[in-house]
Every structure is written in C-alpha cells, then in structure tokens.
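K.L.:
Mind looking at a prediction? Sequence and model below.
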Amino acid sequence: MLTMFAAGLTAVFTIPNILMIILGVFVGIVFGCIPGLTTTMAVALCLPLTFGMNSTVAMSLIMGLYIGGTSGGLISAILINIPGTPASVATCFDGHPMAKRGEAGKALGIGVVYSFIGTALSIIVLVFLAPPVAEFALQFGPVEYFALAVFSLTMIGTLAGKQLAKGISVGLLGMVIAFVGIAPIDAYSRFTFGIADLDGGFDILPALIGLFAVSEILNVAEADTVLKKQNILMEFKIKGFGFSLKEFIGQTWNMIRSALIGIGIGILPGIGAGTSNLVAYGVAKSSSKHPEKFGTGIIDGIVASETSNNATIGGAIIPLLTLGIPGDTVTAIILGGLMVHGLTPGPLLFINNGTVVYGIFVSLIIANIVMLAMEFFGLRVFAKLLRVPKHILLPIVFVLCAVGAFGLNNRVFDVWVALGFGVLGYVLTKLKFPTSPMILGIILGPMAETGFRRGAQLYSGDFSQFLTRPIADIFLVAAVGMIVFIGLGNMRNKKKEEAAKA
Amino acid sequence: MKGFLKVTVALFMVLVATMALSAQSNYPTKAIQVIVPAGPGGDTDLNCRLMAKYLEKELGQPVVIVNVNGAGGTLGTRKVKDAAPDGYTALFFHPSMFLNKILGLVDYNFTAFENAGIGVLDNTNIFVVNASSPYKSITDVIAASKAKPGSIKFATETGGLTHIQALAFESEADVKMNIVDVGSASQKIVALLGKQVDMIGISYGIIKDYVASGRFRVVGVFADERNPAFPTVPTFKEQGVNLSFTKFFFYLFPKGTPQDIIAKFDAALAKVAVNKDLQAELAKFMVSPTYVKPADALKYMTEQEAMYNKYKDLITNAKVTKEEVKQ
C-alpha cells in the first residue's frame, strides 16, 4: 500500500497537476458560493474539458472541484443567509446569526476548518477502509433505505424546534410536493394536471433555490432598512481562524459524530451532502445539552453542518471506486468521466489501475490542503462581500439563481419553479413556519416511498421483512426513540412555559 | 435620424435574410445542440459525447450535449419535438422511446420527428446471476422457475428495456419470475452483489469487471450470434429461447427540418461511423459505431416498435401477473 501511495504521489506531484488542483478548488469555491450554481454543475461543465487530458490531470481537476464546491457553499450561507449549494443549508442556521452578531470572521473560520477536518477524516476512511465499508453498504436493500428515510424524517422534529406542529406540516407539504410527476416504479402520472412539464416533478434544486435564496431576497427587499448604510456594514475582525483551542476541544465529539454521519450518508447511493448536513445538524441539536441555543449562532451548528457535508466526499467516493457505484450526484458524473478515460471503476480498478486510484487519493489530500489555504487567505476577501450594498448584491444573486435553476436541466420551467417556491417560502416565513423541514420532505419522501414499494415487491408483500432485518430495525428503533424524545422535550417545554406564566 | 433608422432596419433585414439563407446552404453555421434525455454519466450520455467529439470535426461546428433528464426521457424528447426545425437541435436516444409510448407517458413516437439515422449499436444485452448462485445457464433458470414459479427474483427498472426483455423471456420460455424494480444499472449491480435478487438484466460493458473478478456469471446474451468480445457466453437462442434484442442509438430532428440539412448531418454521421479512433473508443464499452441511413433506420425502427408492441399487453398487465404469482 505504501508503495502504491508513493506511486500515486509521484504521479500527482507535478507542477501541471498541482496547478490543475488549485484551479479546480478555485472554480469549485466560486460555483459553491454562488447560490444556484452547484458542485454537480461545476463537475458536469468541466468534465468535457478533461477528455483531452491524461487521467491523472483530469482527476486532479475534478477532485479540486469536488472539494472546493462542497466547501464553498458555506461562504454565502454565513454572509448572506443563502446556502451556496444544497450541502450548506444547515450552515445558515447558526452561521448567519453569528455573522449578524459581528462575528462573521469567526463563523467563516469555523466553517473552513471543519470543512477541512470533515474531508480529511473521510479521506482516511476512504484510504484505509474502502473495501470492507463498501461491502457493508451492499447490505442496504430497499427495506433499509425505507428505514433510514423514516429515521431521517424524524429530524424534522428537531429542526422545527418549538414549532413542532408547523414543522411537521411543512415537512408533509414537502412530501406531497415530491408526489408530483411520474411515480416511481409504475410510472403513473400524479398531480400533473396534464401539464407535460410537470411529468418530471419538482426538482430539488429549483425548490431549494426558491425556498432559501429567492424568499430571503424577498424578505430583505421588504425590510425598509435595505438602503441604510448601517445595515450594510457588519463588524469583521479575525485572528487566525477566529476561534480558541478550548472551543475546538469542546467540539471533538460533535465533529467525529458529524463526520461519521457524513461518511455514512455519502457511502449510500442516492443521497449526498444535501441530506447529510441537515441530519448531522439535527442529531447535534437533539443530543446537545443546550438545544435551545441552536439557531442563535453557536459553534456547534456550524461544526455539525460543515464537517458532515465535506465528509460526504470521501464517503461517496468509496462505492464509486470499489464497486463502480456512485454515492451521490457528483460521483455519478465522475463515474462517466473515469469511463471516458478508459478506467472502469469496480472490483478490478485497484488491481489494474492502482496508480490512478492512489493518484485520486493524493489529489484529494492536496485539494483539501489547497482549499484550507485558499479559504483562509480568502476570508478577508469574502468578507468584503459584506461591504457590497445589499440592494446591489441581492439582485445579482437573484439573476444567478435563475441561471442556476435553468442550468440544472436546461429548462425555463425550472426557473418558474424556483420563483414559485420563492413566493411559497416567503409566505411560510411570514406565517412563522420553518422552511427547512420542507427540504427534508422533498428529498426523503420519495426515498421512503420507493424503498417501501420496492421492499413490498421484493418480498412479495411480506411486510414482516420490514421489521425483521437488523439494520432496518436499528433505524426504526432510533426513529421511535427520536419521536419519544422530541415529544417528551416538547411537553416539558410546555409545562415550563405554563409554570412561567402562572 | 429617420434615415439612420431606415438604414438600420434595412441592414437588420438583410442580416436576417442572410442568416435564414445561410442556415440552409452553409449548415452548420453555429453550434448544434444534441439533447440527451438522460443524466450525465450513463451509457446514452457517454455514447453521445464520444460521437459528438468526432461529429464536431466533420461538421466544423461545436456539437453541444445538453442533458434533459426526467420522466423516463420524455422531457428530453418533448423538448426536441417542440424545438425549431432549423437543424440546430437534435435528439440522441434509444428504444426506451418506444416504451414511453407503450406505457402511455407520451402520445407520440419517432415518426413525429425527422429521422437522421442510427449511429451506435449495443449487442450486449445480457442476463446475469451472482457467481455463488446455483444457476449456470438460462436453462437452469427456466428449470428452477418451472419447478417453483415466482421463485426467481429478477431486478429491472420498470418500463425500461430490461423490463420488456424479462416479460418477453417469461412469455417465450413459459415461466413466471418475480420481476422487481430496483432502479438504475448501478442499483441493479448492488442488488445482485448483495444477493437481494437472483438475476438482473444489464449491458455487458458495465459488469465485465465483475465477471473477470469472479463475482458474476453471465447466463445468456440476447443476440443472433455470440458476441466476439465475450465468446464464451451462449445466446438465448442457443439455449432454446428464441429472443434477440439490440439496443441502438439514433438521431432525430424536429419535424419539418429541411432534408438538405439532415443530409449534411447524415453525411458527417456516416464518416464518423467508420472512424478507427471512435471505433476504438467505443469498443471499450463493447458497443460499435454503426451507421444506418435515415430511410433504412426508419424501416428498422418501425419493425422494432412493432416487436415491442407485441409485448404491450404483457407490460400493462404486469401487475395482475404478479398477484397471480403470489397465489
């Protein structure tokens, strides 16, 4: 293994490769931090450019894009409360309140460092444990996916906080929205009203752009303080990464847990960083000693979100390289890229193309370091964004959102979807409904449905299979536990409030 | 000022007229969009991108691949159907398009387009089992199914080509399997590796490494003759199941696209198909560039559609069948 690593290192450690990684990370960060443009798009756009390169150079660029893009989303999440990519939705929750308090530098610093740590931990698992971990992932059939989706849906309760009923109804609304379009498995059209554009349903990205970017822009536009200068400038001071060693040590367990959640969700095909950041945030909140502080701008929230979304990278690459099965949307495109270069990911890749595999590992490690350095020195530059008056910055973001929604599938329809969800998100916020449960509903609803129906098909309608498979049982028991825990917590809060009133 | 305006308008009209003319005679004068009604990274996307790389050189203009994924490919086919018939929007797709109509997802077929010929053939449609399974050939699978109907779990994607293959196999071999949906090609591989199912339908190129590493066994290929790339795999016909399926990739333009434009595109396609470099690149995926000219392609596709239509009742009655299996 060491010799293979050395071979990979010599293959990658050339000036053109390093430059390619630096370019990749830079472009990735740009795509990541612009709302509407995602890592998936960055990789999809750059992939054809790599066809003329040799495979090591190509992979250097792609890995740079992947890491830069996944991390870059934190910048806009923290500074303007709009997640740059689906991977950093949860970063907004505490990142932006912290920035508003005048600690934008600290929030960015935490985000950057934990992005680095999340990626690093996942690379370690990828390098040392890839084959056994991938074999374990094979145990996940439809029933296990169903159970995992049910467990993840309980995070709605955590994300909703005190507004449990509102949170659940928004989550259910998300699941209903996901019904629209051609149904999984039997291909019946549901709720399309004969409109051909609705056949494909609502894609998660335009929905996300609408709910988080467009509605935020509408909210800011409404506030009459927009044009006043004091709203433009936020205090910005930073030393080092902006946080103390004591704070770092205090996050150790949160960091490890979030990394494990990220890696785990990354490994499973079909779900990626868009889910892991919310689940990690939910778990961090529900297991915290002070859950009420989440959402007010505490370190824990940023750590959970940013560690887990970047940890998804290493996780998603594990099944890609060992089984030839992509773990998320980015790796699905990378799979095609590898094949164009004559490399078939799967059981023989390590044997036939060991140098390329270890080259990918080395590229990831270098890209991670480049990302840390680039974002650390970039902190001061990003923070200048805050000096751009919002009435200039937000219209630009608005246009980019439309571009991003269109770019997803090259359909104008998706732009309308983004605008529609923007209005929906705005109305929901006005009525004090939390919007993040809707995203979980849209992502996890179809996963639960497909898992359930496929499971029923696979076991010819024998539903005992849903309860007798050990991995599924763990998730289902955890889901029940979570519901009880949230319910009890809610009752305690009610009593406290009543006691306070009395 | 008025004069200036007149001159501008006149110039503009000349410009428009030239553009309209040049679109006919000098085609192509700008980039051609080829819509792939599938996501990036799959076989449709890969084949289309490789073809585009060589088509660009012949046509002298960029060939841009646009992925329009969703609703079984119907979003993409509809986009091309509704596009301007100027020769700058084309569709690249395979027989799933026939199934979209059979399943009732759309009410049009390839005759609602101008045919620009077939570019790629894939003769590697196979049924695969896990190497640890007791089935060595399709004959074993048939015997097991006859002994205990519904005992073989076959994974497919409902409404996909392998679904039709499975239904046709059931009908031809007079057996009943438990046909289950697991999703895309990679999800089929997971299901078979994890032994959640007994058999899957897939293309050889995708699983060749699993065969080489001894985890999968191919029990039959749907072709008239054995494939020279994997000559040890017997055809279904050899094993007494009279079935043959070819996945072919064709180009379509919106209805009303001028014939001389299609002829130009087609001439480029014919040249590309015999390009040695492209043949070598596509051979990695065990598919071959094969040019079939529009008139012949139309005839072939009409025959193929009729063949798929034979199984129409099977696919629409699939649910009833499954309930019968349970009893």
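P.N.:
Thanks, I have it. Quantities reported herein were computed from a predicted structural model and do not represent experimental measurements.

K.L.:
What strand or helix carries B:P228?
P.N.:
For B:P228, there is no host helix or strand (DSSP states H and E).

K.L.:
And it, its phi and psi?
P.N.:
phi -60, psi -20 (degrees, to the nearest 10).

K.L.:
Please read off the pLDDT at it from the model.
P.N.:
B:P228 is assigned a pLDDT of 86 by the prediction.

K.L.:
What separation do you get for it and B:S288?
P.N.:
10 Å (CB to CB, to the nearest Å). Every C-beta, even on glycine, is put in place using the N, C-alpha and C of the backbone.

K.L.:
what's the spacing between the residue minimising distance to the centre of chain B and chain A?
P.N.:
The centroid of chain B falls nearest to B:H94 when counting by CA atoms, centre = their mean (2.5 Å). Counting by CB to the nearest CB, to the nearest Å, the gap from B:H94 to chain A is 16 Å.

K.L.:
thought that residue was touching B:Y251?
P.N.:
No. Using CB atoms under 8 Å, B:H94 makes no contact with B:Y251, being 11.2 Å away.

K.L.:
if we can go back for a sec, what distance do you get for the residue nearest to the centre of chain B to A:A196?
P.N.:
21 Å.

K.L.:
burial measure for A:H96, as a count.
P.N.:
A:H96 has 24 neighbours, counted by other CB atoms under 10 Å in any protein chain shown.

K.L.:
does it sit in a helix or strand, and which one?
P.N.:
Assigned by DSSP H and E, A:H96 falls in helix A:89-98.

K.L.:
Give me the nearest residue to A:F294, chain neighbours excluded.
P.N.:
Closest residue to A:F294 apart from its sequence neighbours, by CB to CB, 6 or more residues apart in numbering or on different chains: A:K285 at 4.5 Å.

K.L.:
Kindly state the pLDDT recorded for the one you found?
P.N.:
At A:K285, pLDDT is 91.

K.L.:
Could you list which residues are in contact with it?
P.N.:
A:158-159, A:291, A:294, A:300-301, A:304 (CB atoms under 8 Å, 6 or more residues apart in numbering or on different chains).

K.L.:
Mind giving me the PyMOL select for the residues you listed, buried ones only?
P.N.:
Per 16 or more other CB atoms under 10 Å in any protein chain shown, the buried members of the contacts of A:K285 correspond to this PyMOL selection:
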select buried, chain A and resi 158+159+294+300+301+304
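
K.L.:
for the stretch 251-400 of chain A, which spans come out with low pLDDT?
P.N.:
A:386 (pLDDT under 70).

K.L.:
Please identify the helix or strand for B:V180.
P.N.:
Assigned by DSSP H and E, B:V180 falls in strand B:178-181.

K.L.:
could you give me the average pLDDT of that strand?
P.N.:
90.

K.L.:
What segments of chain B are helices?
P.N.:
B:2-25, B:43-59, B:74-81, B:96-102, B:138-147, B:161-173, B:185-193, B:204-212, B:259-273, B:276-283, B:294-310, B:312-316, B:318-326 (DSSP state H).

K.L.:
I'd like those helices written out as TSV, with mean pLDDT, distance to chain A and mean neighbour count added.
P.N.:
As requested, those are exported to TSV (pLDDT from 0 to 100; distance: least, CB to the nearest CB, whole Å; neighbours: other CB atoms under 10 Å in any protein chain shown):
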stretch	mean pLDDT	distance to chain A	mean neighbour count
helix B:2-25	56	22	10
helix B:43-59	86	6	21
helix B:74-81	86	5	24
helix B:96-102	86	9	22
helix B:138-147	93	15	18
helix B:161-173	89	10	21
helix B:185-193	86	4	23
helix B:204-212	87	4	21
helix B:259-273	89	16	18
helix B:276-283	85	8	15
helix B:294-310	87	16	15
helix B:312-316	73	10	15
helix B:318-326	42	5	13
